[in-house]
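Colleague: the amino acid sequence is not available; the structure is as follows:
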């Protein structure tokens, strides 16, 4: 438990530099896992870190991005990434999702994806927080390209299932040849799957 | 907690036959799921089974092989399962794979699948063992329904990616609504994906 006195003392040590950023990341991870994505407030995270709540916006731009970095430890901002790939022809968004996913994760050590999966599989709280995060931030963004047929959420889940499985096979289990197949080939193979899940016939 | 006295008493009942093997499998499954792959020791498993730790090597050759049988191969014999679903119309094998996968895993506690994924994400040996197992046993069986176009292994990997991701979303991350969507709906949604991966156009 951090008392106000402790908070004040810590705040004195962290005038707003990279030290503050690290403190916020550590505090955010704790609070998100304790309270879930919905329950965790920016104010509570800042208090735990002993810094002003304005520092969250200053360093991360908001709660979503802080979650992505602190809990998912994503090396990119998922909202920016998704916003980018949803621009352009809606009929090729499936291919763009696969290409963006593979380009982004290929640039990382496979261990980063494995760590994410391990967190989800090990901690109910992380899985819950991830689910809330996806529903609030990722799936809602997908809505603009998803068929309006009362199955938009299921469609988003289906996309998630293929992409999570692709990551598992390529970066964690490393099945051959998929772990070393070139991106263009996988875009052609998997893009149509996502395209159908998003706005094709699923029943 | 099993006391030594209790262990001795149980040991008296199991002189080292198939009864011992069954007891070890059951104990291993429990201990691996409770403690994870690293946390579970051969000694703890043998103690839970009420047999001598040497029986693990005698019957399974070691912890990894015991894990493979107790965790990966339970709760079904995957080779039998795959042989069964490959019988029948090759044009609906995609739907049969989804239905069999969901029926089989829905009958289990979701924790069984989570334990499998956690082990794969945590341990190179388990991921390697799983990969070897898939290549030797599963993918080779799929060959009878896969298009002969020099991409049979990639096609099998693509099937694996969708099915592993389906398991992740339904049993581990538990995204809604997919975690509670009825099997028929998912068979219709995902069956065509597998069918195309197996013998449709992928480039």
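Modeller: The structure has been received and is ready for your questions. Note that the structure is a prediction, hence the values are computed from the model and not measured.

Colleague: any idea how far residue A:29 lies from chain B?
Modeller: From residue A:29 across to chain B, the span is 18 Å (CB to the nearest CB, to the nearest Å). The way it works is simple: take the backbone N, C-alpha and C, and place the C-beta from them, glycine included.

Colleague: so in chain A, where's the weakest helix or strand by average pLDDT?
Modeller: helix A:4-13 (a mean of 43; mean pLDDT, DSSP states H and E).

Colleague: tell me the first helix or strand C-terminal of it.
Modeller: Scanning forward in sequence from helix A:4-13 by DSSP states H and E, the next helix or strand is helix A:18-39.

Colleague: now the residue in chain A positioned nearest to chain B. Nearest residue, chain neighbours left out?
Modeller: Per CB to the nearest CB, residue A:165 is where chain A lies closest to chain B, at 2.3 Å. Spatially, and ignoring its direct neighbours in sequence, residue A:165 is nearest to residue B:165 (2.3 Å; CB to CB, 6 or more residues apart in numbering or on different chains).

Colleague: what sits against that neighbour?
Modeller: A:160, A:161, A:162, A:163, A:164, A:165, A:166, A:168 (CB atoms under 8 Å, 6 or more residues apart in numbering or on different chains).

Colleague: before we move on, back to that, helix or strand for the residue of chain A closest to chain B, which one?
Modeller: Going by DSSP H and E, residue A:165 is in helix A:152-167.

Colleague: spatially central residue for chain A, please.
Modeller: Residue closest to the mean C-alpha point of chain A, counted by CA atoms, centre = their mean, is residue A:68 at 4.8 Å.

Colleague: show me the domain layout of chain A.
Modeller: A:4-70, A:78-199 (automatic domain parsing).

Colleague: mean pLDDT lowest for which of these?
Modeller: The weakest mean pLDDT among the domains of chain A belongs to domain A:4-70, with a mean of 81.

Colleague: how distant is that domain from the center of its chain?
Modeller: In terms of CA atoms, centre = their mean, to the nearest Å, the centre of domain A:4-70 is found 18 Å from the chain centre.

Colleague: next one: stretch A:104-118
Modeller: 12 Å.

Colleague: residues of it that come out buried?
Modeller: Neighbour-count burial for stretch A:104-118, counted by 16 or more other CB atoms under 10 Å in any protein chain shown, picks out A:105, A:113, A:114, A:115, A:116, A:117, A:118.

Colleague: I'd like these as JSON lines, with distance to chain B and secondary structure appended.
Modeller: Shown next, in JSON lines, are the buried residues of stretch A:104-118 (distance: CB to the nearest CB, whole Å; DSSP: H, G, I helix; E, B strand; the rest coil):
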{"residue": "A:105", "distance to chain B": "13", "secondary structure": "helix"}
{"residue": "A:113", "distance to chain B": "9", "secondary structure": "helix"}
{"residue": "A:114", "distance to chain B": "5", "secondary structure": "helix"}
{"residue": "A:115", "distance to chain B": "8", "secondary structure": "helix"}
{"residue": "A:116", "distance to chain B": "9", "secondary structure": "helix"}
{"residue": "A:117", "distance to chain B": "4", "secondary structure": "helix"}
{"residue": "A:118", "distance to chain B": "4", "secondary structure": "helix"}
